[in-house]
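**Q** With the input below, show me the fold.
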Amino acid sequence: TLPDFAGSRVLCDYNLAPFLQMFARNQTTGGLYWENLDGLQAAAAILAAPPEPEALRRIRERGIQWIVFETKPGADRNWLYLQYGPAPQPRPADTLAHRLAAPGLAPRWLEPVPAEDTPLATQAGYRIFRVR
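**A** Residues are numbered from 1 along each chain as shown. Model (predicted):
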């Protein structure tokens, strides 16, 4: 089962956004389509930022209530490249994206949804967090 995302705003991977919009009936930030350049740039800015205070501030500004993050190797670097391109980038370990991908490193303002509550998401390589 998935948390009840209906009507909420979710920060997620650009590949997952269309599915969450269609099946969970919510708004997503991070979708990869031409009408959502602002949302995609916002997702990159949030995920490439230090978790506190910058990422949290940006999450609050956009009213994001959930984060669904892909945990495959290199997912954090994808967001860094999207934000900075080939220019000098911060260390991946200093970003929210890295902390979401690494078990047990999520900031205290995020509540992880237990894997046993979302076996399909876990098998697909996603972690789900509720913004507190």
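**Q** now residue 88: how far from residue 71?
**A** 26 Å (C-beta to C-beta, to the nearest Å). All C-beta spots, glycine's among them, are computed from the backbone N, C-alpha and C.
**Q** Verify the assumption that residue 67 is located in a helix.
**A** No. Counting by DSSP: H, G, I helix; E, B strand; the rest coil, one finds residue 67 to be strand, located in no helix.
**Q** Please report how far it lies from residue 85.
**A** Counting by C-beta to C-beta - residue 67 and residue 85 are separated by 24 Å.
**Q** who has more neighbours, these two?
**A** Using other C-beta atoms under 10 Å as the criterion, residue 67 and residue 85 rank with residue 67 on top: 26 against 8.
**Q** so who does that one touch?
**A** Residues in contact with residue 67 (C-beta atoms under 8 Å, 6 or more residues apart in numbering) are 10, 11, 12, 59, 100, 110, 128, 129, 131.
**Q** my guess is residue 110 meets residue 104, correct?
**A** No. Between residue 110 and residue 104 there is no contact under C-beta atoms under 8 Å: 11.7 Å.
**Q** who's more crowded, the two?
**A** residue 110 (23 against 6).
**Q** With neighbour numbers in mind, choose between residue 88 and residue 71.
**A** residue 71 (16 against 5).
**Q** Look up how far residue 85 lies from the more buried one.
**A** Distance from residue 71 to residue 85, by C-beta to C-beta: 24 Å.
**Q** remind me which residues of this protein are low pLDDT?
**A** 1-3, 5-6, 17-36 (pLDDT under 70).
**Q** Now do the strands in it.
**A** Under the criterion DSSP state E, the chain contains strands at 9-12, 27-29, 66-70, 110-112, 126-131.
**Q** and the closest residue to residue 76 other than its chain neighbours, how many residues sit next to it?
**A** Using C-beta to C-beta, 6 or more residues apart in numbering and skipping the chain neighbours, the partner closest in space to residue 76 is residue 97 (3.7 Å). Residue 97 is flanked by 26 other residues according to other C-beta under 10 Å.
**Q** would you list every one of the helices in the chain?
**A** Secondary structure of the chain, counting by DSSP state H: helices at 17-19, 37-47, 56-62, 75-84, 96-101, 119-123.
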